[in-house]
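> predicted model and sequence below, questions to follow.
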Amino acid sequence: MSQDLIAAMRAPVRAVRSARIRVVGEAMGAAAGDVGELVAGGRVVRLRPGAPVVELAALAPGSAAASRVAIAGDVALDIRAAPRAAMLHGAAELFVAEPGQPPVWRRMAHTSDVLLDRVTLIAAGPPEHRRVALFRPPREWPGSAPAVDALLADDTSSVGDRARRVYPHGAALPELGWVNPFDVDRSLGLDGWIHAALARSGATSSAPAAAAPAACGTLAPPAIARDRVCSPSPLDGVLECRVTLQPELAARLRAIAERVVADPRPHTGRDIAPVRVAYVALRGDTGELMAQGNLVPGRAPLAYAPTDAAAEAALIKLREARGEADAERVEWNLPIAVGSTFKPIVARAAEQAFPDALATLSLTADGHAAGCKAHRGTAVDPLLGHCPPTSLAEPPSTADLHDYLARSLNWYQAALGVVGLGLPAGTFSVKGEAVTLADIAASDLSTWPTSSPLQIADARGAIIEGHRVNLDGLRRAPLWSRIEALLGRPLCTLGDRAHCEAAADRADLCAARGLPIAGAGRDLRYLVALGPDRIDLHADDRPAQAHVPIREYFQLLRGAGAHPIGSLAQLTDAFGRVIYDPSPGAPRLAASWFPAPAVGVLPTWSCARSEPAKGHASTVLGADGGLCAVVQAAGTAQGQAGELLGDPKLVVYGAKTGTTDSLADIAHKDAACRAWNERHPPASQLTCGKTPPDDSLFVIAFGVVTSHGTVPVTLGIQLQRGGKSSAARLAPELVRAIADYLR
């Protein structure tokens, strides 16, 4: 072997030097009116009229708003009134960026007061206390007014052959991930995704990105123009790519979550601290992801989006080590038990599939029949002759669509999910004898014996056969096809649970459709995916399952963790489609990490009715519909979130509560409980053998009334081990924080 070859093999690995890419957050709400941004290490100051005066050295790392910033000595930056712009005062060295890749920095001679309208490095203070800050003025994007987008990631200095990435907001925005300088396809998060997508497709194309239908499941969102996501900055020539994350809003919501963990009662009405506080905020008209968080008490911040070289080295070390440390563990896009927050999707799907039948579908479940095993010592009554996994007995025993949503009736959900499979044109039978929908509605659904269960078929064959559900038949049913459409993901048909889970794992990439990547690997998907890309109903890992016990279908209908419909982000996204997307066929509204066109429709109703209702409407939507009734008198969230109806600057369009017991089975199984406690800090550990408080969920669609129009928002909240209704109790605080920011 030649000495040259040996030397080459021993040579250190060199990072690949690529074109500089800056990642920024689209300016929304309060940030849209800012006149500049000053970045100094981990301190980010937004120049905002009416904000307080601050001293740069006294600020903690993170984002702050100021009308005047004292940089060093007599050097300060403030706002000129008319025309509004940033003005620098005092003696400082200025270096202005000239467009190019990389930009050329030109020293600028100036008087004591100078107007800043270019990307500028400001060096101020005596040599022994020199401070350097980067000023960024507004820039204009295609189709939008000039604004100062928030700096989220950029190259700041060169070390050897590579430029180091800096993330000013650090762990506050872990979704940004990290760019692997040696293999871009092994990068993480949105920053990594952007670099990988541009490396594959070329950074100069301005054509609309492909709609990526394979990544969008059952959805049909419009394509996103590439120049709305990435384009060279006219200020310094650097390629800028926009995401929709709002760092200031993320910080506000995170602060509330931390207060909930520290002292829950003022926020949730309960003394017990949740083991997880999670939330997702989307724009209702575009699906843009503005902020999301997943706080586990006692767990250190995630190591992604490293703020300096030491933090980057620590992240690399974690990635190279075996196992998964807490600082690497991302759980916000894992599927969860969603409980009754699944009801709006089922109800809206039924309303789309058979509106006439649903409007008058009053059902009764008041009796008792034998044949079903007890669950945890509680009697379980059959429903339509089939055994649910848990008891469905709850008042009122007679209800219609409105009652079902307003009071969150589990028995009606189960009945609708079964009977709806035969509507509008299927057939019903019992022991070979045909029955009609009228016959079913006239009966007491909980008195049907298990020896005479309801059977359902369509023209192509059985849907419910015996006590089993035919998976092909389920997918043929109009109700289920509409459920899949609203969820944005199909039912898995790979034959067993193991294959379905492996294929679906963090594979819902529709939110990244602005820069689609074919065959994105696990690392690229890890932080960018919203969750699994399909729903699994298989009972176990037995191969080639064409049928599953109806018990498994009941588990899915109750929103159980045995068959979760998705992550909190996916649930929030689907609820947004229920409220804002009336599209026939495949819905067009979908969550997006990148600026997306507005396809959602602003509702014409408000849950705060101007006059008391004389009755109620048997509809899912509308001022008198079931989802408004949730926050109105006698609704499950009226006592917690009903106060929002009285705020003239808010418009509530619908909401839904959810309660699950996701930790109960874990707490009652010694091995599972010990494993949980080993993986969680003391504040989040369980008392083995004792049932913990329930998880609480809440989804709400609302509009923020601003001087520029009403901004629709969808918010999802999860408090694991928070106690019943705790998420609804917290909702007004989060809603008002979002509203204050967007105004």
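It's in.

> domains in the chain, as residue ranges please.
36-137, 247-296+589-742, 339-491+535-564 (automatic domain parsing).

> figure out how far stretch 87-94 is from the centre of its chain.
When distances are taken as Cα atoms, centre = their mean, to the nearest Å, stretch 87-94 is centred 42 Å away from the chain's centroid.

> also stretch 651-660?
Mean-position distance between stretch 651-660 and its chain equals 16 Å (Cα atoms, centre = their mean).

> ok, now which ones touch Val435?
Contact analysis of Val435 by Cβ atoms under 8 Å, 6 or more residues apart in numbering lists 428-429, 454. In short, each C-beta sits where N, CA and C put it, glycine included.

> let's go with 10 Å and repeat that
Going by Cβ atoms under 10 Å, 6 or more residues apart in numbering, Val435 touches 422, 427-429, 443, 454-455.

> what's opposite it in the beta bridge?
Beta-bridge partners recorded for Val435 (DSSP bridges): Phe428.

> circling back: where neighbours are concerned, which of the contacts of Val435 has the most?
When neighbours are counted by other Cβ atoms under 10 Å, Gly422 leads the contacts of Val435 with 25 neighbours.

> spit out the contact partners of that residue.
354, 428-429, 435, 437, 440, 454-458, 463-464, 477-479.

> let's have the domains of the chain in JSON lines, adding mean pLDDT.
Output for the domains of the chain, formatted as JSON lines (pLDDT from 0 to 100):
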{"stretch": "domain 36-137", "mean pLDDT": "91"}
{"stretch": "domain 247-296+589-742", "mean pLDDT": "93"}
{"stretch": "domain 339-491+535-564", "mean pLDDT": "95"}
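
> just put these in CSV and tack on distance to Gly323.
Shown next, in CSV, are the domains of the chain (distance: least, Cβ to Cβ, whole Å):
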stretch, distance to Gly323
domain 36-137, 29
domain 247-296+589-742, 11
domain 339-491+535-564, 24
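
> wait, which of those is closest to Leu173?
Smallest distance to Leu173 across the domains of the chain (Cβ to Cβ): 5.8 Å, for domain 247-296+589-742.

> please enumerate the helices of the stretch 601-743 of the chain.
626-629, 638-641, 664-667, 670-679, 726-742 (DSSP state H, counting those that start in this stretch).

> CA atoms of the first one as CSV?
What it means is helix 626-629. Output in CSV follows, covering the C-alpha atoms of helix 626-629 (Å, rounded to 0.1, in the frame of the first residue of the first chain):
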residue,chain,number,x,y,z
GLY,A,626,-72.4,20.6,19.4
LEU,A,627,-68.8,21.9,19.4
CYS,A,628,-70.0,25.4,20.5
ALA,A,629,-72.1,23.7,23.2
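
> roughly how far out does it sit from the chain middle?
Distance, centroid of helix 626-629 to centroid of chain: 23 Å (Cα atoms, centre = their mean).

> mind listing what's buried along it?
626-629 (16 or more other Cβ atoms under 10 Å).

> and what of the second one?
With burial defined by 16+ other Cβ under 10 Å, the residues of helix 638-641 counted as buried are 638, 640-641.

> check the third one too.
Along helix 664-667, the positions that meet the burial threshold by neighbour count (16+ other Cβ under 10 Å) are 664, 666-667.

> so which of those residues is the closest to Ser112?
Distances from Ser112 to the buried residues of helix 664-667, taken by Cβ to Cβ, are shortest for Ile666, at 65.8 Å.

> do you know how far the nearest residue to the closest one once chain neighbours are set aside is from Val735?
Nearest residue to Ile666, sequence neighbours excluded (Cβ to Cβ, 6 or more residues apart in numbering): Ala672, at 4.6 Å. Computed as Cβ to Cβ, to the nearest Å, the Ala672 to Val735 distance reads 36 Å.

> between these two, which has more neighbouring residues?
Between Ala672 and Val735, Val735 has the larger neighbour count (other Cβ under 10 Å), namely 23 against 15.

> how about Thr120: what's its closest non-neighbour residue?
Here the residue nearest Thr120, using Cβ to Cβ, 6+ apart, is Phe135, at 4.5 Å.

> hang on, isn't the one you found packed against Leu116?
Yes: between Phe135 and Leu116 a contact is recorded at 5.4 Å, counting by Cβ atoms under 10 Å.

> mutual contacts of these two, please.
With Cβ under 10 Å, 6+ apart, Phe135 and Leu116 have common neighbours 36, 38, 47, 77, 86, 88, 94, 96, 122.

> list the contacts of the first one.
Contacts for Gly36 were tallied using Cβ under 10 Å, 6+ apart; they are 45-48, 69, 77, 79, 85-88, 116-117, 120, 135-138, 148.

> recalculate using a threshold of 8 Å.
46-47, 77, 86, 116, 135-138, 148.

> kindly state the beta-bridge partners for the closest residue to Ser443 other than its chain neighbours.
Excluding its sequence neighbours, the residue lying closest to Ser443 (Cβ to Cβ, 6+ apart) is Thr364, at 7.5 Å. As for beta bridges, Thr364 partners with Thr398, Asp444 under DSSP bridges.

> in terms of contact, does Thr364 touch Asp444 like I think?
Yes: shown here, Thr364 and Asp444 form a contact pair, counting by Cβ atoms under 8 Å, at 5.3 Å.

> more crowded one of those two?
Taking neighbours as other Cβ under 10 Å, Thr364 and Asp444 compare with Thr364 leading, 19 against 15.

> before we move on, back to that, element containing the residue nearest to Thr120, please.
strand 131-136 (DSSP states H and E).

> how about the strands in the stretch 1-150 of the chain?
In the stretch 1-150 of the chain, the strands defined using DSSP state E, counting those that start in this stretch lie at 21-25, 36-40, 43-47, 53-55, 62-66, 68-72, 75-80, 85-89, 93-98, 104-108, 113-116, 120-124, 131-136, 150-159.

> right, so of the ones you listed, which gets closest to Leu557?
Across the strands of the stretch 1-150 of the chain, closest to Leu557 is strand 21-25 (Cβ to Cβ), at 38.6 Å.

> who does that closest one pair up with?
With DSSP bridges as the test, strand 21-25 is paired with strand 150-159 (antiparallel), strand 239-243 (parallel).

> distance from that strand to the middle of the chain?
21 Å.

> now do stretch 442-450
Offset of stretch 442-450 from its chain centre (Cα atoms, centre = their mean): 40 Å.

> identify all contacting residues around that stretch.
Outside stretch 442-450, the residues that touch it by Cβ under 8 Å, 6+ apart are 363-372, 381-387, 392-393, 411, 415, 430, 454, 467.

> what comes up buried for that stretch?
Buried-residue list, stretch 442-450, by 16+ other Cβ under 10 Å: 443, 445-448.

> same thing with stretch 663-683?
663-664, 666-668, 673, 676-677, 680.

> contacting residues around the residue nearest in space to the middle of the chain?
In the chain, the C-alpha nearest the mean C-alpha coordinate belongs to Ala569, at 2.7 Å (Cα atoms, centre = their mean). By Cβ under 8 Å, 6+ apart, the contact set of Ala569 is 280, 289, 292, 332-333, 530-531, 591, 716.

> now do it, the pLDDT please.
Here, the pLDDT recorded for Ala569 equals 98.

> wait, the residue nearest to Thr120 sits on Leu115?
No: using Cβ under 8 Å as the test, Phe135 is too far from Leu115 to be in contact (11.3 Å).

> ok, so of the buried residues of stretch 442-450, who is nearest Pro587?
Leu445 (31.2 Å).
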